[in-house]
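J.: Structure of the sequence below:
(one chain, ligands or ions: 1)
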Amino acid sequence: VTQHPHVRTIDWDGDAVVIIDQTALPHRVEMLRLTTVDALCDAIARLAVRGAPALGVAGALGVALAARNTHAHNNNGATFEAAVQRDAARIAAVRPTAVNLAWGVTQTLAHRDKGAPAIIEAAQALLEAEAESTRALSHRGADLLDSLHTGQHRILTHCNAGALACVDWGTALGVVRAAHERNHLAHVICTETRPLLQGARLTAWELARMGAPHTLVIDSAAALVIARGMVDAVVVGADRIAANGDVVNKIGTYPHALAAHRAGIPFIVAAPESTIDATTPTGNDVEIEERGDGEVIHWRGWHTAPEETAVFNPAFDVTPAELVTAIVTERRVIRP
Ligand code: MRU
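T.: As a prediction, this is how the structure comes out:
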């Protein structure tokens, strides 16, 4: 594991969006400086920046970038607004499932009539607010764990819902970090997370950096781990929470919820309020992103299945509200 000074997953350096390139981890910690909306859209599409809260900030900073670049070439008010709006629509459309992306774009675009400096300021304020939200929900989540289970906690988490998925702290992994800082964490089981291995590449890396004891399992081992009493709770993040409390998160989350329900252990969802989408009635109304078949039948140049094999590659699934013990946000604990 390469150590590096603390840097935010995503930030604004005055002229450009700066991100940790999550495709290079865990081998290399590389920063990318994105100076155009095209470069940002490409980074979102190939998951160089990913995770719902980080996508929200990417959406906001993307509008800032559009404003900055448009401002440099064009000062006419109406043309300026139309150009920024066009770029904003492009950014919001790159990934459909995490509501935060469109939310971050919309929040920032609301300032479009005030000019580029005001838009950039609004995007930076959103970044700071999201960083603070994940810190607050992390502590609230650790409080919740302490109230549900005595002693040190053994947690199973899926995908990467850590600092890399946010600006800082994390959601599910923020809760883990807060528990670890209280010396209330016994162990974390992180799941590999096929097909792009966010759990193996990113969560295991983050846990190692925070010095938290952890074990990596393949996704299909999780039910055994839960059924054998090896964890006290499942804690995950979310990409969108529907009005009825259904939780959309990384593909493979729903089976963990079923196993947790069967074993009678808590299934906790940690997410900022920005992930709650009151305008979408249920999880069934959420568009599930489908990704390319190459992610399933190739691995970095190797064939893992015959080239002609048909593939269905949904990136997210829906956990029904009735399987969710609690949703913890920066403001409240919701029990669907
Ligand atoms: O496809 P990804 O890697 O963007 O999916 C990320 C997840 O599903 C996370 O669990 C979710 O965004 C919560 S992140 C705090």
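J.: Residues contacting the helix or strand encompassing residue 89, please?
T.: Element membership for residue 89 (DSSP states H and E) is helix 77-92. The contact list for helix 77-92, computed with Cβ atoms under 8 Å, 6 or more residues apart in numbering, reads 37, 40-41, 44, 58-59, 62-63, 65-67, 70-71, 74, 101-102, 105-106, 108-109, 112-113, 115-116, 119. Where C-beta positions appear, they are placed from N, C-alpha and C, glycine not excepted.
J.: Stretch 275-282 now?
T.: 52-53, 98-100, 237-244, 246, 286, 329.
J.: pLDDT of it, averaged?
T.: Taken as a whole, stretch 275-282 has an average pLDDT of 98.
J.: hang on, isn't residue 203 packed against residue 197?
T.: No. With contact defined as Cβ atoms under 8 Å, residue 203 does not reach residue 197; the gap is 9.6 Å.
J.: out of these two, which sits in the busier spot?
T.: Taking neighbours as other Cβ atoms under 10 Å, residue 203 and residue 197 compare with residue 203 leading, 30 against 18.
J.: List the residues that contact that one.
T.: So residue 203 contacts 157, 159-162, 173, 190, 193 (Cβ under 8 Å, 6+ apart).
J.: Check residue 292 too.
T.: residue 313.
J.: do that again at 10 Å, thanks
T.: 195, 298, 311, 313 (Cβ atoms under 10 Å, 6 or more residues apart in numbering).
J.: next one: residue 196
T.: Applying Cβ under 10 Å, 6+ apart, the residues contacting residue 196 are 22-23, 46-47, 50, 159-160, 202, 250, 291, 295, 315.
J.: Check residue 331 too.
T.: 133, 136-137, 140, 272-273.
J.: May I have the predicted confidence score for it?
T.: On the pLDDT scale, residue 331 is placed at 98.
J.: Could you do residue 138 as well?
T.: pLDDT, read off for residue 138, is 98.
J.: close to the ligand, is whichever strand or helix holds it?
T.: Element membership for residue 138, per DSSP H and E: helix 116-148. No. Helix 116-148 lies out of reach of the ligand by Cβ under 6 Å from any ligand atom, never closer than 7.7 Å.
J.: Can you point out the buried residues in that helix?
T.: 116, 119-120, 122-124, 126-127, 129-131, 133-145 (16 or more other Cβ atoms under 10 Å).
J.: tell me which parts of the stretch 201-336 of the chain are close to the ligand?
T.: So the stretch 201-336 of the chain meets the ligand at 237-239, 249-250, 315 (Cβ under 6 Å from any ligand atom).
J.: thinking again about what came up before, JSON lines for the contacts of residue 196, including pLDDT and distance to residue 9?
T.: Formatted as JSON lines, the contacts of residue 196 follow (pLDDT from 0 to 100; distance: Cβ to Cβ, whole Å):
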{"residue": "22", "pLDDT": "98", "distance to residue 9": "8"}
{"residue": "23", "pLDDT": "97", "distance to residue 9": "13"}
{"residue": "46", "pLDDT": "97", "distance to residue 9": "16"}
{"residue": "47", "pLDDT": "98", "distance to residue 9": "12"}
{"residue": "50", "pLDDT": "98", "distance to residue 9": "9"}
{"residue": "159", "pLDDT": "98", "distance to residue 9": "15"}
{"residue": "160", "pLDDT": "98", "distance to residue 9": "11"}
{"residue": "202", "pLDDT": "98", "distance to residue 9": "10"}
{"residue": "250", "pLDDT": "98", "distance to residue 9": "17"}
{"residue": "291", "pLDDT": "97", "distance to residue 9": "21"}
{"residue": "295", "pLDDT": "95", "distance to residue 9": "22"}
{"residue": "315", "pLDDT": "98", "distance to residue 9": "19"}
